[in-house]
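In: Okay, predicted coordinates and the sequence, questions at the end:
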Amino acid sequence: MKTVNYLALTIAIIGAVNWGLIGLLNFDLVAFIFGEMTWLSRIVYSLVGLSGIYLITFFSQLNTEEE
């Protein structure tokens, strides 16, 4: 399970960096590398979204650690 956690966190960080580039420089790194909404870029965007959803479960773990 530790590997899945690290993988999800890494993918979410990649997504966050991409969103930062979009916000600051109006540059979409995923679209630049894989093309504008190609099947590869859709896979990357989907993996980022799924990783974010998976990482939501970490909030429940934070509450149990504090108690």
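Out: Structure's in. What do you need? Numbering: from 1, shown residues only.
In: Confidence-wise, which helix or strand of the chain is lowest on average?
Out: helix 57-66 (a mean of 76; mean pLDDT, DSSP states H and E).
In: OK, contacts around the spatially most central residue of the chain?
Out: Central residue of the chain (C-alpha atoms, centre = their mean): A12, 2.3 Å from the mean position. Shown in contact with A12 (C-beta atoms under 8 Å, 6 or more residues apart in numbering): V48, S51, G52, L55. In this view, the C-beta of every residue, glycine as well, is placed from N, C-alpha and C.
In: Skipping its backbone neighbours, what lies nearest it in space?
Out: S51 (4.5 Å; C-beta to C-beta, 6 or more residues apart in numbering).
In: Please apply the same query to A8.
Out: S51 (4.2 Å).
In: Looking at per-residue confidence, what score does the one you found get?
Out: As predicted, S51 sits at a pLDDT of 96.
In: how near is G52 to N26?
Out: G52 is 22 Å from N26, where distance means C-beta to C-beta, to the nearest Å.
In: which of the two has more neighbours?
Out: Between G52 and N26, counting by other C-beta atoms under 10 Å, G52 is the more crowded of the two (14 against 7).
In: Would you quantify the distance from that one to I43?
Out: In terms of C-beta to C-beta, G52 sits 15 Å off from I43.
In: Break down the chain into its helices, ranges please.
Out: 2-25, 29-34, 39-55, 57-66 (DSSP state H).
In: which parts of the longest one are buried?
Out: Going by neighbour count (16 or more other C-beta atoms under 10 Å), the buried part of helix 2-25 is A8, I11, A12, I14, G15, N18.
In: Ok, stretch 51-67 next?
Out: Across stretch 51-67, burial judged by 16+ other C-beta under 10 Å covers S51, Y54.
In: And the contacts of it?
Out: V4, L7, A8, L9, I11, A12, G15.
In: quick one: that stretch to chain centroid distance?
Out: 16 Å (C-alpha atoms, centre = their mean, to the nearest Å).
In: Same check on stretch 1-10?
Out: Taking mean C-alpha positions (C-alpha atoms, centre = their mean), stretch 1-10 and its chain are 11 Å apart.
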